[in-house]
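J.: this is the structure alone, sequence omitted:
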């Protein structure tokens, strides 16, 4: 798995942000988010999925439809996180990458510094959503997107936010009423605001 790097060496950075791209994109696309932040002590990592997709089918389909690719992608990202102190890592994603971020938070929590979920939600049909365990202990999380996103239903985004809240995360949401499947300026503003909470919690 190719991983692009921007910013200081991970060992010298105060925080490490792992950016997960959407379907059909790559690490170079989502790495553009890093220029929206002026924090020079953040290391940005952007892996690229095989064939530019973390899994092959829609995230709302039965999980079995996306296997074994879903498990393989999850293990790859967990392995990347494990290379660093997890309390320094923010996991962030857009669209398919946001869905994978949600899934990792809900099914394989790592004691992260925080998470940004841009236009995404938990993977699978309603009866496949994981059991709630209060293991996120105040983790700062944002869940954002358009109320009229053509790919990500608003109800699943809200469902994901509530699920993570019940797991103990401190979740902020922002949903705007404009047809879109992109990261809006107000979503980035919320991510910057959340960085303050993340830094305070991580002691950096």
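T.: That came through, no problem. These figures come from a predicted structure and were not determined experimentally.

J.: hang on, residue 172 packs against residue 142?
T.: Yes. Residue 172 is within contact range of residue 142, at 5.0 Å (criterion: CB atoms under 8 Å). C-beta coordinates here come from the backbone N, C-alpha and C atoms, glycine included.

J.: please enumerate the shared neighbours of the two.
T.: Contact criterion CB atoms under 8 Å, 6 or more residues apart in numbering; residues bridging residue 172 and residue 142 by contacting each: 190, 194.

J.: compare neighbour counts for those two and give me the winner.
T.: Higher neighbour count among residue 172 and residue 142: residue 142, with 22 against 16, using other CB atoms under 10 Å.

J.: in which helix or strand does the more buried one reside?
T.: For residue 142, the element it lies in under DSSP states H and E is strand 140-146.

J.: contacts for that strand?
T.: The contact list for strand 140-146, computed with CB under 8 Å, 6+ apart, reads 105, 113-121, 152, 154, 157, 160-161, 164, 169-181, 183-184, 187, 190-191, 194, 197-198, 201.

J.: list the neighbouring strands of it plus their orientation.
T.: Sheet pairing of strand 140-146 (DSSP bridges) gives strand 114-118 (parallel), strand 170-176 (parallel).

J.: just these: most buried one?
T.: Highest mean neighbour count of the strands paired with strand 140-146: strand 114-118, a mean of 28 (counted as mean count of other CB atoms under 10 Å).

J.: now what about that strand, what contacts it?
T.: With CB under 8 Å, 6+ apart as the test, strand 114-118 has contacts from 90-95, 98, 101-102, 105, 139-145, 157, 160, 169, 183, 187, 191, 194-195, 197-198, 201.

J.: how far off centre is it?
T.: Offset of strand 114-118 from its chain centre (CA atoms, centre = their mean, to the nearest Å): 4 Å.

J.: let me see the mean pLDDT of that strand.
T.: Here strand 114-118 scores 97 as its mean pLDDT.

J.: now do the strands in the chain.
T.: Taking DSSP state E to define them, one finds strands in the chain at 3-6, 15-20, 42-47, 89-94, 114-118, 140-146, 170-176.

J.: in TSV: those, plus distance to residue 74.
T.: Output for the strands of the chain, formatted as TSV (distance: least, CB to CB, whole Å):
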stretch	distance to residue 74
strand 3-6	16
strand 15-20	11
strand 42-47	12
strand 89-94	12
strand 114-118	15
strand 140-146	18
strand 170-176	21
